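1. have a look; sequence and predicted model below, questions after that.
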Amino acid sequence: VMPLIKPDWWEKHQPLAVAFWSVLFIVPFAAKYGMFTMGETVLECVVNDYLTFIILLFGLFCVAGNITIDGEFAGSPRINTALFVLGTLLSSVIGTTGSSMLLVRPFIKMNSWRKRKSHIMIFFISNMGGCLTPIGDPPLLMGFMRGVPFFWSLKLFHILIFNMIILLTLFYFLDRRAYRKDIAEGRKPDIREPGTHVRIVGLHNLIYVA
């Protein structure tokens, strides 16, 4: 909440806020369970949870950042929705961060001509991808580190599809309405052959994902 209501304060004092919440846990915990148990617990949180998550995130960030989708796209409701479907399913393979890195540039480029497009980024951020494997989502990664089988979350596939249909149907109709208003005002994409040229650069990075 703080980055939204007090952005300037948060930018300057975020380390203090983190330190405050850490001390709020550490002091009472040490008083009840002793310094040794407190040190062990803090170390477990930092090394087992935080560093492992950051290493995975950093790896996926680097790998997906070197894969590029390029082409002559027109930011139409159908193409936007199709890319959302791709991103939702891909998130479980290269992580939500990796999927965002891969698709954010095409989304921005192909919708740059549009006036009414703020809803696109809202749906981009609020997508529910990444729930099928521990690579996709941090809570699933922590579950895997504590003994949950890697492919256990695949049983959520039908729930993912159900929610994806609801969310992207809503997006499609909202986007179509905004798209038609932009077209009615005389706006149009500055491309020669929309949808005919698609190029993916850096596919060898999928080896690193594996």
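-> Happy to help now that I have it.
2. residues contacting residue 104?
-> Residues near residue 104 by Cβ atoms under 8 Å, 6 or more residues apart in numbering: residue 124. Glycine gets a C-beta too; all of them are placed from N, C-alpha and C.
3. just the buried residues of the top helix by length along the chain, please?
-> Criterion DSSP state H: the longest helix present in the chain is helix 77-110. Across helix 77-110, burial judged by 16 or more other Cβ atoms under 10 Å covers 77, 79-81, 83-84, 87-103, 106-107, 109-110.
4. what mean pLDDT would you report for that helix?
-> Average pLDDT, helix 77-110: 88.
5. okay, now the unreliable bits of this protein?
-> Residue ranges of the chain with pLDDT under 70: 127, 190-197.
6. the residue nearest to residue 138 when sequence neighbours are not counted and residue 88, how far apart?
-> Distances taken as Cβ to Cβ, 6 or more residues apart in numbering place residue 53 nearest to residue 138, at 5.3 Å, with adjacent residues excluded. Per Cβ to Cβ, to the nearest Å, residue 53 is found 21 Å from residue 88.
7. kindly report the same for residue 1.
-> Note on residue 1: its distance to residue 88, by Cβ to Cβ, is 27 Å.
8. any idea which helix or strand carries residue 69?
-> strand 68-71 (DSSP states H and E).
9. how about that strand: buried residues?
-> 68-69, 71.
10. shouldn't residue 115 be within a helix?
-> No - using DSSP: H, G, I helix; E, B strand; the rest coil, the assignment for residue 115 is coil, not a helix.
11. next, count neighbours for the closest residue to it other than its chain neighbours.
-> Spatially, and ignoring its direct neighbours in sequence, residue 115 is nearest to residue 182 (5.5 Å; Cβ to Cβ, 6+ apart). Using other Cβ atoms under 10 Å, residue 182 has 18 neighbouring residues.
12. how close does residue 136 sit to residue 207?
-> Distance from residue 136 to residue 207, counting by Cβ to Cβ: 19 Å.
13. and for residue 100?
-> From residue 100 to residue 207 the distance is 21 Å (Cβ to Cβ).
14. just residue 113 next, same as before
-> For residue 113 relative to residue 207 (Cβ to Cβ), the value is 36 Å.
15. hang on, residue 200 in a strand?
-> Yes - counting by three-state DSSP, residue 200 falls inside a strand.
16. the spatially closest residue to it that is not a sequence neighbour: what's it in contact with?
-> Once flanking residues are discounted, residue 200 sits nearest to residue 69: 5.6 Å by Cβ to Cβ, 6+ apart. By Cβ under 8 Å, 6+ apart, the contact set of residue 69 is 102-103, 105-106, 198-200.
17. so who does residue 206 touch?
-> Contact analysis of residue 206 by Cβ under 8 Å, 6+ apart lists residue 67.
18. ok so, going back, wait, the residue nearest to residue 138 sits on residue 141?
-> Yes - between residue 53 and residue 141 a contact is recorded at 6.3 Å, counting by Cβ atoms under 8 Å.
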